[in-house]
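>>> A predicted structure for the sequence below; I have some questions about it.
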Amino acid sequence: MTERPDVPPGCHLIVKDSVGSTSEDAKALAAEGAPHLTVVWAGEQTAGRGRHGRSWASPRGNLYLSILLRPDCAVADAPQIGFVVGTAMARAVHATAGAHVELKWPNDLLLGGRKLSGILLESAARPDGALHWVIAGIGVNIGSQPDVRGATSLCAAGHNVAVASLLEAFLIHLVDLLGIWSRDGFMPIRAAWSALALGQGTEVSVKLPAGERRGTFGGIDDRGNLLLETGGATEHIAVGDVFPLSTVSHSDGTGDT
């Protein structure tokens, strides 16, 4: 953690050698009134976690960060930030490592069909119901990956990149895309995300709270919901986990934070 990246104007970078969870640190900073675009970056996490409370090993050599955002948007629009973050990281990985990743709804980045990165969004509302803050936690497997089926890392795939360089590129793309989203709404973000997503027509399994559905990936709608094509009908799915059937593996190959 000796190399400190340059960050775009407006970003407030906090560098930690080791933390329990970057997102927990970011939450504490949010409660203390930390500003928009406060970034917590750690060399390792000792209590990293993913979606649905899954624990996640976070050894040194990978990228772990959480960003505190205070967007001027409705609570219902906060999930759109996940698409902003995913697109920014996909662009950063390509710019720094030359790797082409695919975005998988709702919050994963795949490399060669294997999970490279995951995003975890958490938010809080004010007493009046307005959005108070959003924390986007993201982890990227760079030097290593968890010993689970379906995971990969940039190094394992033959791509070399410094952790600090990836963070620097990510923040540049993130600030740019957040500006577009704030100014022009979700439509350009939807288009940018879709250009990097799994191909439409990909056969997928969707794990839902009430069971499992199978069909083909039809993209996302103007709210960011999954479009699942099933027997001539289109379902709009707000919550679930997608697994391409060609590489189906119900594992959590990288964490969030």
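Everything's here; your move.

>>> now residue 39, which residues is it bridged with?
On the basis of DSSP bridges, residue 39 is bridged to residue 13, residue 67.

>>> okay, residue 256: pLDDT?
For residue 256, the pLDDT comes out at 60.

>>> The stretch 1-150 of the chain: helices as residue ranges?
Applying DSSP state H, counting those that start in this stretch to the stretch 1-150 of the chain gives helices spanning 22-31, 80-97.

>>> Count the neighbours of residue 80 for me.
By the criterion of other C-beta atoms under 10 Å, residue 80 has 21 neighbours. C-beta coordinates here come from the backbone N, C-alpha and C atoms, glycine included.

>>> What lies in contact with the helix or strand harbouring residue 171?
Element membership for residue 171, per DSSP states H and E: helix 163-184. For helix 163-184, contacts defined as C-beta atoms under 8 Å, 6 or more residues apart in numbering pick out 3-8, 10-11, 37, 39, 41, 61-63, 65, 67, 69, 71-72, 80-81, 84-85, 87-89, 91-93, 95-97, 140, 142, 188-189, 192.

>>> Include mean pLDDT when you put the helices of the stretch 1-150 of the chain into CSV, please.
Putting these into CSV (pLDDT from 0 to 100) gives the following:
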stretch, mean pLDDT
helix 22-31, 97
helix 80-97, 98
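
>>> From residue 197, how far out is residue 230?
Going from residue 230 to residue 197 by C-beta to C-beta, to the nearest Å gives 19 Å.

>>> now swap in residue 93 and tell me
Taking C-beta to C-beta, one finds residue 93 at 15 Å from residue 197.

>>> Compare these two (neighbour count), which wins?
Higher neighbour count among residue 93 and residue 197: residue 93, with 27 against 22, using other C-beta under 10 Å.

>>> Just confirm that one contacts residue 110, I think it does.
No: between residue 93 and residue 110 there is no contact under C-beta atoms under 8 Å: 11.0 Å.

>>> joint contacts of the two?
101, 116.

>>> Around the closest residue to residue 34 other than its chain neighbours, how many other residues sit close by?
Nearest residue to residue 34, sequence neighbours excluded (C-beta to C-beta, 6 or more residues apart in numbering): residue 68, at 5.7 Å. Look at residue 68: counted by other C-beta under 10 Å, it has 23 neighbours.

>>> Contacts only, for residue 68.
If you count contacts by C-beta under 8 Å, 6+ apart, then residue 68 has 26, 29-30, 34-40, 133-135 around it.

>>> Residue 154 too?
Per C-beta under 8 Å, 6+ apart, neighbours of residue 154: 93, 97, 99, 111, 116, 140, 141, 142, 143, 160, 161.

>>> just residue 226 next, same as before
Applying C-beta under 8 Å, 6+ apart to residue 226 gives the contacts 105, 106, 206, 217, 220, 235, 236, 237, 238, 240, 242.

>>> repeat that for 7 Å
Contacts for residue 226 (C-beta atoms under 7 Å, 6 or more residues apart in numbering) come out as 105, 206, 220, 237, 240, 242.

>>> who's in contact with residue 104?
By C-beta under 7 Å, 6+ apart, the contact set of residue 104 is 110, 198, 242.

>>> Just list whatever residues bridge to it.
With DSSP bridges as the rule, residue 104 is bridged to residue 108.

>>> per-residue confidence at it?
On pLDDT, residue 104 comes in at 96.

>>> any idea how far it is from residue 236?
Counting by C-beta to C-beta, the gap from residue 104 to residue 236 is 17 Å.

>>> try residue 245
Taking C-beta to C-beta, one finds residue 245 at 20 Å from residue 236.

>>> repeat for residue 126
Distance, residue 126 to residue 236, using C-beta to C-beta: 28 Å.

>>> cool, residue 87 as well?
Residue 87 is 21 Å from residue 236, where distance means C-beta to C-beta.

>>> Compare the two (neighbour count), which wins?
Taking other C-beta under 10 Å, residue 87 and residue 236 do not tie; residue 87 has more neighbours (26 against 12).

>>> quick one: the strands in this structure?
Here the chain has its strands, by DSSP state E, at 12-19, 38-45, 63-69, 102-104, 108-111, 114-125, 131-140, 203-208, 211-220, 226-230, 233-237, 241-244.
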